[in-house]
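Participant: I'll drop the sequence and a predicted model, then ask my questions.
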Amino acid sequence: MKSLSALSIRVQLTLLAAIFVLPAAGIIVWSGLRSREEKIQEARVETQKLAAAIAAAYESRLAAAQQLMTALANLPAVKARDPAVQHLLRDMVALNPDYANISIADAAGDVWASANPGRFNIADRRHFQGALATGRLASGESVTGRVTSRPTFFFGYPFRDARGEIAGVISVGFDLRFVRLLESSRLPPRSSFSLTDRNGIVVARAIDAEPYVGRPISPALLAAMVDGPDEATNIGPSLTGEYRVQTYRKLRLAGEQTPFLYVRAGIPYAGVIAGANRALARNVALLLSFFLAALAFASVVGKRTIVDRIARLESASHRLAGGDLGVRVGELVRGGELGRLGRSFDRMAEQLARREKALQESERNLLQAQKMETVGRLAGGIAHDFNNQLTAILSNSEHLARALPGDEGAIAGDIRDAALRSARLVNQLLAFARKGPSRVVAVDLHRTVDEVVGLLSRSIDKRIQLRTRLEAAPALVRGDPDRLHTALVNLALNARDAMPDGGTITFETRRVELDAAACAAVPFDVSPGPYLEVRVVDTGIGLSEEVRAHLFEPFFTTKGVGMGSVLGLAEVYGTVKTHQGAITVESAADRGTSFALLLPAVDGVSPEPRSERTQGRPTPTYPLRVLIADDEQNVRISLGLLLRTGGHEVIECANGAQAVRTHKADARRIDVVILDMMMPDMSGREVLAKIREVTPDVPVIVSSGFSKGPDVEALRGESAVFYLAKPYTTEQLERALAKACNET
């Protein structure tokens, strides 16, 4: 028996056929082949009819959509961009379940009317570009709708204004879930179909759609359809790998060479030939009496040499598909082709295990890189504009602090401190994105709590009482004071929102010692040692178990639209993680909430000194005639006020070109130029070059809200050029003026 099992499958099947089937081979083969060919031909015709019917159904829907878009294009309300069109589009989508959305965009791609709420730009969409370029109906691609967030296929049709010029594009998006299309289609028995877009992405499938919709078909299958005729029928593997008799049909718009959809209809090949197999079984039954003894022997041999071994391979395949990458069958299936297949299976499983590990590592690295890249772009984009606004806030708050007495002056000082803190937060964001320095100092959390309580006492509902129970001694941690301050403010504001009818917010601190067991019980990567625990406790409505499960997820909120910060608690979570700490929450419905922050405590260090609200001004410079070039009006106004208060004469210019003209007209009387780096018409570097052509030695103070970049670095190396980062205080401005005048 072992020698027989060592033979190849081909030899074994040959021996079995010679023993069992040879007398009736001619009859069985002839009748079976004839029957199969007839069934296959019938299946070909059936798939061709099915593909044609599906194509006709889709084309009829498309024709109806084209008629709808043509009618809309001729409506005076559309040409006039009447807002009432919005309601018409909503009614159309409500009446036609095939449509995911109908929208109208202007020639720039900005959508001004949509059945679904929202404003967005579709200039990058293929159907929009095609409609503008050709002036007729254009097809798009399968995409995820920007408003509906559903798989959608868009068509675009241009509309013209009163002068006959294209004024925009009407878009109709078909819901690619095709539930209604499938339900209305009477599919022949055992048949199925799928729709594939021009990129080879499966957009719909009649049977078991979820694993395949949204995924690409094989490149070879796509290439065969692209290079083939408009309709073809063949026998081959389907999306699932199962062999089918299948027909594909191309759908394209008039004037477009590339099809926008491929319709594929098929019937399982095994089902097609099932009837022929049954006929074959009947023929075998006629000869059964002659082969009983031989079949008994063959069944034993076949089971041991083929069936059992294939069963082991099949079982191993199921385990591998289920995620068991440690399954091996080489020792269980030996000899012949199945033995080689078993060894190949083992090698495949080993390669899959290695690739899975490498893929997970690669995904982690890619995700981290994408996060850093995104934050980097965000930081660079907002730094300049945000610091412009902070410059005005900081300057005006300093004026108020000096001009107002008593509590009003103190409030202005608080505004100044908040502006400085916000500037440090911008620098912190730049540091995280590797675009600026980071700051880690010893922080007295009791001082931070006092600042937060002072801020809240002037801003929240008077029905909410603020209490403190500060028992930690000392209360020092090492970290970023601004992020810790923001974290406590976010927790306090969250507590405020949980008490619409008033209540109590209590800040508590104490020192705790975490051992290994306590660290293991906390779902954070913390190490044993001394910790400072800060609790923010409210008497509000509490949190349900379901809400607590999503509490720290970005953009999760239980508040209404426009209320609260969608990153508030997620930001607290990130701050705690950054400081190697932990955060826990205890709450129940109608029983209040308690957030506990655990931060590693430090001893034997001095906390960062308090920022002074007022500092001694530098030695005043002599009265100067200062030219300001900045496109931000609030910056010009606040900076001009600072300079005039210091006794200087100010010339304000709203852009680079105006600054160049003004300087050229009165160059010899201008003592200093304060120049913004980023202006819409000319960059700071271009303005400086024009000024240097007239007065090469005039001192120029370059002011920018973003301290990095090739232009800034290049300007810093030039003579008589000084850099002043936004936002800046009065003292920093005076120092910059003094340095510019004394060093040139």
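Facilitator: Received, thanks.

Participant: quick one: which helix or strand includes the closest residue to Ile460 other than its chain neighbours?
Facilitator: Excluding the flanking residues, the one nearest Ile460 by CB to CB, 6 or more residues apart in numbering is Arg496, at 5.2 Å. The way it works is simple: take the backbone N, C-alpha and C, and place the C-beta from them, glycine included. Take DSSP states H and E as the rule and Arg496 turns out to sit in helix 481-497.

Participant: which other helices and strands contact that helix?
Facilitator: helix 406-432, strand 441-444, helix 445-457, strand 503-514, strand 529-538, helix 568-578, strand 593-600 (3 or more CB pairs under 8 Å, 6 or more residues apart in numbering; DSSP states H and E).

Participant: from the middle of its chain, how far away would the last one be?
Facilitator: Put plainly, it is strand 593-600. The chain centre lies 30 Å from the centre of strand 593-600; the measure is CA atoms, centre = their mean, to the nearest Å.

Participant: Please name whichever of the helices and strands packed on helix 481-497 is nearest to Ala206.
Facilitator: Ala206 lies closest, by CB to CB, to one member of those: helix 568-578, at 41.5 Å.

Participant: between that closest one and strand 593-600, how big is the angle?
Facilitator: 20 degrees (axes from the mean of the first three to the mean of the last three CA atoms, to 10 degrees).

Participant: List the buried residues for helix 568-578?
Facilitator: 568-576 (16 or more other CB atoms under 10 Å).

Participant: so Ala472 sits in a strand?
Facilitator: No. Going by DSSP: H, G, I helix; E, B strand; the rest coil, the assignment for Ala472 is coil, not a strand.

Participant: Burial check on it, number of neighbours?
Facilitator: Using other CB atoms under 10 Å, Ala472 has 19 neighbouring residues.

Participant: from what I can see Asn388 touches Gln633, true?
Facilitator: No. Look at Asn388 against Gln633 with CB atoms under 8 Å: they stay out of range, at 10.2 Å.

Participant: how is the chain carved up into domains?
Facilitator: As given by automatic domain parsing, the domain ranges for the chain are 37-58+179-274, 60-175, 439-600, 625-742.

Participant: ok now the shortest one, how far from the chain's centre?
Facilitator: Going back to what we said before, that points to domain 60-175. Distance of domain 60-175 from its chain centroid, counting by CA atoms, centre = their mean, is 25 Å.

Participant: do the third one as well
Facilitator: In this view, domain 439-600 has its centroid 28 Å away from the chain centroid, taken as CA atoms, centre = their mean.

Participant: For the stretch 551-700 of the chain, give me the ranges with low pLDDT.
Facilitator: Counting by pLDDT under 70, the stretch 551-700 of the chain has low-confidence residues at 552-568, 604, 606, 608-621.

Participant: After the lowest-mean-pLDDT helix or strand in the chain, which helix or strand is next?
Facilitator: Every helix and strand of the chain was ranked by mean pLDDT, DSSP states H and E. The lowest is helix 179-184, at a mean of 48. Per DSSP H and E, the first helix or strand lying C-terminal to helix 179-184 is strand 192-197.

Participant: what helices or strands is that next one leaning on?
Facilitator: With contacts taken as 3+ CB pairs under 8 Å, 6+ apart, strand 192-197 sits against helix 25-73, strand 202-205, strand 261-268.

Participant: out of the helices and strands packed on helix 481-497, nearest to Leu639?
Facilitator: helix 406-432 (14.5 Å).

Participant: what about the closest one, average pLDDT?
Facilitator: Helix 406-432 comes out with an average pLDDT of 72.

Participant: How about His663: what's its closest non-neighbour residue?
Facilitator: Nearest one to His663, counting by CB to CB, 6+ apart, is Ile691 at 5.4 Å.

Participant: Of all the helices and strands packed on helix 481-497, which one is nearest Ile674?
Facilitator: helix 406-432 (18.4 Å).

Participant: Dump the C-alpha coordinates for stretch 470-479 into CSV.
Facilitator: Listed next in CSV are the C-alpha coordinates belonging to stretch 470-479 (Å, rounded to 0.1, in the frame of the first residue of the first chain):
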residue,chain,number,x,y,z
LEU,A,470,-4.7,70.5,47.1
GLU,A,471,-2.9,68.0,49.3
ALA,A,472,0.2,67.1,47.2
ALA,A,473,3.5,68.3,48.7
PRO,A,474,5.4,69.0,46.6
ALA,A,475,3.2,69.2,43.5
LEU,A,476,6.0,69.2,40.8
VAL,A,477,6.0,67.3,37.5
ARG,A,478,8.2,67.6,34.5
GLY,A,479,6.5,68.6,31.3
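
Participant: Many thanks, we can stop here.
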